[in-house]
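Asker: take a look and give me a structure for this.
(chains A and B)
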Amino acid sequence: MKNIVYKKYGSLFMMGLFIITLSFLTVSCGDKDKKGDEYAGGTNISGKPYGKESFGEVVKRRGLNADDVLSAVKTYTPDNLKDEYVALNSGGQAGNLPMYAIPSMRMLKYVPTNTRQPYSGFGYSEETYGLMEDGFIDGKEILGEIHIILVFLKQTVFITENGQLSMTKPIREFLFTI
Amino acid sequence: MKNFNWFIKAFIGIILVTLGVTDMMAQQTLDDVKKARGLNDHDVLAAVKTFMPRGGRDEYFSIVGTGNSGTMIVYGLPSMRIYKYVGVFSPEPWQGYGFDDESSLMLKKSSLDNRISTYGDMRFPAFSEKDGNYDGHFAFFSDGANSRIALMGLDDFETKQVLSNPLFPSTYPGVAVTQNTEYIIQSSQYPAPWDNKITSEFRSGVTFWKFVEGENIHKSRMIKEKSFTVELPAYTLDYLDAGKSNSDGLMVGLAEKEGKSYVYVLDYTKLAKATTKKINDFNVVSFAEAKKNNAVGFIELPASASTVKVTADGKYFIVGADNTLVIDFAKVKSALAKGDVIALADVQKASIAIGKNVIDIAFDYRKNTAYASAHGDSKIVRFNYETGKTEKELKLSFKPSFLMTPQGMSASPHSNYLTVVDKEGLYDNYPNVGPVRPSFQHLIDISSDDMADVYTMSLPQANMYGSVAVLRTTIKPIIRYPLGTNTRTGEISRYKTVAGQEKIEREGNRVHVFGTLIRSHITPEIVTVNEGDVVTFHLTNLERAEDETHGFTVDTYGVHGSFEPGKTASVTFTADRPGIFPYYCTEFCSALHLEMEGILLIRPKGYVDVEQEDVVLTADQMAGYKKNYEDKLVVIDQTQDIINGVVTWLKENKFQDYPYVAALVDDAFDQLEQAKTSKENHEKYAKEGKYKDAFLWAEQYWQYQVKTADVGLRAKKLLAEKINK
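Answerer: Here you go, the predicted model:
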């Protein structure tokens, strides 16, 4: 237990020292006059170009700490890297199913399930309206609320209303046919 | 003494070594992640430039239309994180937009036949301006599909007004705003007759929606009666922009007919004074009248163009094309006085060869600097419109389309960021989730001469075109509404209900429920109606705490409302199926969220009520309630001690000096104020020996106490943070 705590906070402490050291270095050789009040709170009120900045200068200007830097590199996913997971989440009272990628946390899709969606025409075309119609009560369109998502057999997505559960799947296992 | 020296030396030595070692180890940690994830130095720099930790570092609020989704998206720069989807032209279930009565009424008013269009097509938004700069008050959108125009208040990022254009069947999905927001300019897109008669002639036109800014956001609206449309020949119209400073009073747009391309120029100060006629009860300046007033001109272009944008200083407008043209506004102004045909040669300042399929132009803080996107060459070009020279190029891994710099359409554009839309989602790393892909937008770092692509944003449910971004600090968003606000009109709703005033009113088969929402109750908890009744729930969220939004739906009745703190909204439905239907809070509001429920009892037709006798409690039961009541009183005392402790601490630390903390403390005392009735009731019933009622009211009193304590503790935490800073 002690070891874990040490591991967790020890590395943060060290990272902090690293950043402090780094910021000392960058402050001493950085362009001092452009770090005035106009950048207070990370806001560049004038809109002047920052100019070429080193890693340390960016970290300082944006007020990032060691945790932030590590989180940034753990989640940043450039176009040549693949995200590791696709997550399905519940849209709650929006009646749709948001999908996003992990670790970049970028949104991929809102799959309409229980409510109309103008963007994809879900609930507007004959085919999709028919699909929604199956869930109508006394022939009336209703607003859906999703909280449970169940994915079976890697092939079909079942969506149930109410409850709380969301799930993620590694991309390699991800086979989406709806 | 010697020992002591030795000790100091050793100690310093250890520190130095530790510093060195930790430096290496920390370096290794960052390197480990880099190596494990295959990131290079450029990626790491890009990561720290865009990463947004909690507490926020975003510099700009950016808004973008979602094209055919009819909603607006708010995102942050440089994190490119999505903050909000806002219903504008089509219903949006999450916030009950187009579901609750207030927003439904607003949307119905925007149609010519009292219908809610479930669709919209919005592409190029614009912000309100003061002296050519964004004032952070409003944003405007045009609906290309259903000919509407919308006004968004940036105090709460909500739609406040939607109007139907009474003339154009087809509208260009973009707007321009004049430099002091006198007019919101909207043009037609495809020519069509304006009076719904198939025999009439085809027309085009430009509508100047008169905007009147009142004492507050809700007193500020577009006024249809004061607006006018100028009639143009039947051209297909495209992108448009308004002049600023020296060119204030003029506007420019692209037009096309029979393979020929034009820039049209309008002098709207002259048009505003011209004689008008009425078509569809709307003021129209005829083309002949516009010509007579020297208020319209056409410049024929050598090739088709994709955009026309006015420079920040208002001296020029730039026609985005493969050979991008810089046109002198002053010369256009003098040419306009001579007639409506303006020769390009007389007004052109420069022609700059950019590349293949130029799509868009954006401006920069750097003097006379602009960017162009060359779709066919997959590149961004930085050029100087004064010298007519290109300066830098950035080769991209994708085909760029629409561009945006923060504050970019204002008189003072900002540097550092350039967003570039990619309409194709052809990425090796894209996890395929079906044939429909999100829109993508890249963030280009333009802070130095080495421009670099630093982030790829994916934006689903959006067909992305233009964005506009304003400095985050320019916008002053509210946290809560004054209690009982109809958020669409800004007025205090006549359905506002305060705690203790909840009631059910019936007139024939029309039932109005006046209810309240507060953690963790929906009041009333039971509503009984008859089959066939038309029922409206008017609900007020009594919360004053930050982010305490409640939702409301009646199971299987397909109604929904979202109630941000202070908001009053109504949902109406016909109770056409008898039975028992729970209603509940749809937004996860607190740990006691699941307790926010109630029962709608719909009695079948012909149902006869059977009188039920009051249940008499046995002596044992009564003794049980008495004990419960007494136990509760102990808990109430303990909770009060906590509250008193917090209050003393807050006073000692001068909470009044911190407005945000003071607001929370006010909120806490408000909660306790509401508890007064509960206290009176439980004491009264205890005196009468009715311990069941006494216990229930004591329980209610304690609920308020808990809320008070909760807000108080939050205030304490916040104040502690502020003091420690």
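Asker: which parts of the stretch 301-450 of chain B sit against chain A?
Answerer: Residues of the stretch 301-450 of chain B that fall close to chain A, judged by C-beta under 8 Å from any C-beta of the partner chain: B:365-366, B:397, B:406-407, B:412-416, B:427-429, B:431-434, B:436, B:438, B:446-450. C-beta: built from backbone N, CA, C; applies to glycine.
Asker: sort out for me which of these are in helices.
Answerer: Judged by DSSP state H, helices contain none of those.
Asker: what parts of the stretch 501-650 of chain B come near chain A?
Answerer: Close to chain A, as judged by C-beta under 8 Å from any C-beta, the stretch 501-650 of chain B has residues B:551, B:553, B:556-560, B:562, B:576-577, B:586-588.
Asker: can you list the weak-confidence ranges in chain A?
Answerer: Scanning chain A for pLDDT under 70 picks out the ranges A:1-43, A:142-178.
Asker: quick one: the strands in it?
Answerer: Ranges of strands within chain A are A:85-88, A:96-102, A:107-112, A:146-152, A:156-161, A:167-170, based on DSSP state E.
Asker: what's the answer for the stretch 451-600 of chain B, then?
Answerer: B:452-459, B:467-471, B:503-507, B:510-518, B:521-523, B:526-530, B:534-541, B:550-554, B:561-563, B:568-574, B:579-584, B:597-603 (DSSP state E, counting those that start in this stretch).
Asker: ok, residue 76 - how many residues close by?
Answerer: Looking at chain A here, since you left the chain open. Number of residues near A:Tyr76 (other C-beta atoms under 10 Å in any protein chain shown) recorded here: 24.
Asker: actually, chain B is the one I wanted.
Answerer: The burial count for B:Gly76: 20, using other C-beta under 10 Å.
Asker: packing partners for the helix or strand hosting it?
Answerer: Per DSSP states H and E: B:Gly76 is located in strand B:71-77. If you count contacts as 3 or more C-beta pairs under 8 Å, 6 or more residues apart in numbering or on different chains; DSSP states H and E, strand B:71-77 packs onto strand B:60-65, strand B:82-87, strand B:452-459.
Asker: TSV for those strands, including distance to chain A?
Answerer: Putting the helices and strands packed on strand B:71-77 into TSV (distance: least, C-beta to the nearest C-beta, whole Å) gives the following:
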stretch	distance to chain A
strand B:60-65	9
strand B:82-87	6
strand B:452-459	5
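Asker: export those strands to a markdown table and tack on mean neighbour count and mean pLDDT?
Answerer: A markdown table is the format used below for those (neighbours: other C-beta atoms under 10 Å in any protein chain shown; pLDDT from 0 to 100):
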| stretch | mean neighbour count | mean pLDDT |
| --- | --- | --- |
| strand B:60-65 | 27 | 94 |
| strand B:82-87 | 19 | 93 |
| strand B:452-459 | 22 | 95 |
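Asker: same list (those strands) but as CSV, adding distance to B:Glu258.
Answerer: Formatted as CSV, those follow (distance: least, C-beta to C-beta, whole Å):
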stretch, distance to B:Glu258
strand B:60-65, 30
strand B:82-87, 40
strand B:452-459, 37
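Asker: thinking again about what came up before, from the chain's centre, how far out does the strand holding B:Gly76 sit?
Answerer: A distance of 7 Å separates the centroid of the chain from that of strand B:71-77, by C-alpha atoms, centre = their mean, to the nearest Å.
Asker: and the angle from that strand to strand B:467-471?
Answerer: For strand B:71-77 against strand B:467-471, the angle by axes from the mean of the first three to the mean of the last three C-alpha atoms, to 10 degrees is 50 degrees.
Asker: coming back round to it: quick one: closest of the helices and strands packed on strand B:71-77 to B:Glu231.
Answerer: strand B:60-65 (26.9 Å; C-beta to C-beta).
Asker: dump the closest one to CSV, keeping only the CA atoms.
Answerer: Output of strand B:60-65 as CSV, limited to C-alpha atoms (Å, rounded to 0.1, in the frame of the first residue of the first chain):
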residue,chain,number,x,y,z
TYR,B,60,-12.0,31.7,-27.1
PHE,B,61,-15.6,30.6,-27.4
SER,B,62,-16.3,29.4,-30.9
ILE,B,63,-19.7,28.8,-32.4
VAL,B,64,-20.4,26.8,-35.5
GLY,B,65,-23.6,25.9,-37.3
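Asker: who does it pair up with?
Answerer: Strand B:60-65 has its sheet partners listed here by DSSP bridges as strand B:71-77 (antiparallel), strand B:467-471 (antiparallel).
Asker: surely B:Ile279 touches B:Asn196?
Answerer: No - counting by C-beta atoms under 8 Å, B:Ile279 sits too far from B:Asn196 to count as a contact (11.0 Å).
Asker: quick one: which of those two has more around it?
Answerer: Under the criterion of other C-beta under 10 Å, the comparison of B:Ile279 against B:Asn196 puts B:Ile279 first, with 17 against 10.
Asker: ok, so what distance separates that one from B:Thr236?
Answerer: Distance, B:Ile279 to B:Thr236, by C-beta to C-beta, to the nearest Å: 20 Å.
Asker: A:Thr128 now?
Answerer: A:Thr128 is 32 Å from B:Thr236, by C-beta to C-beta.
Asker: for burial, what's the neighbour tally of B:Ser306?
Answerer: 22.
Asker: so what's it up against?
Answerer: B:Asp238, B:Tyr239, B:Leu254, B:Gly320, B:Ala321, B:Val358, B:Ile359, B:Asp360 (C-beta atoms under 8 Å, 6 or more residues apart in numbering or on different chains).
Asker: domain ranges for the chain, per the record?
Answerer: The chain I'm using is chain A. A:2-75, A:85-173 (automatic domain parsing).
Asker: can you look at chain B instead?
Answerer: Per automatic domain parsing, the domain ranges recorded for chain B read B:60-474, B:503-603, B:619-724.
Asker: now the shortest one: how far from the chain's centre is it?
Answerer: Relative to the centre of its chain, domain B:503-603 is centred 26 Å away, using C-alpha atoms, centre = their mean.
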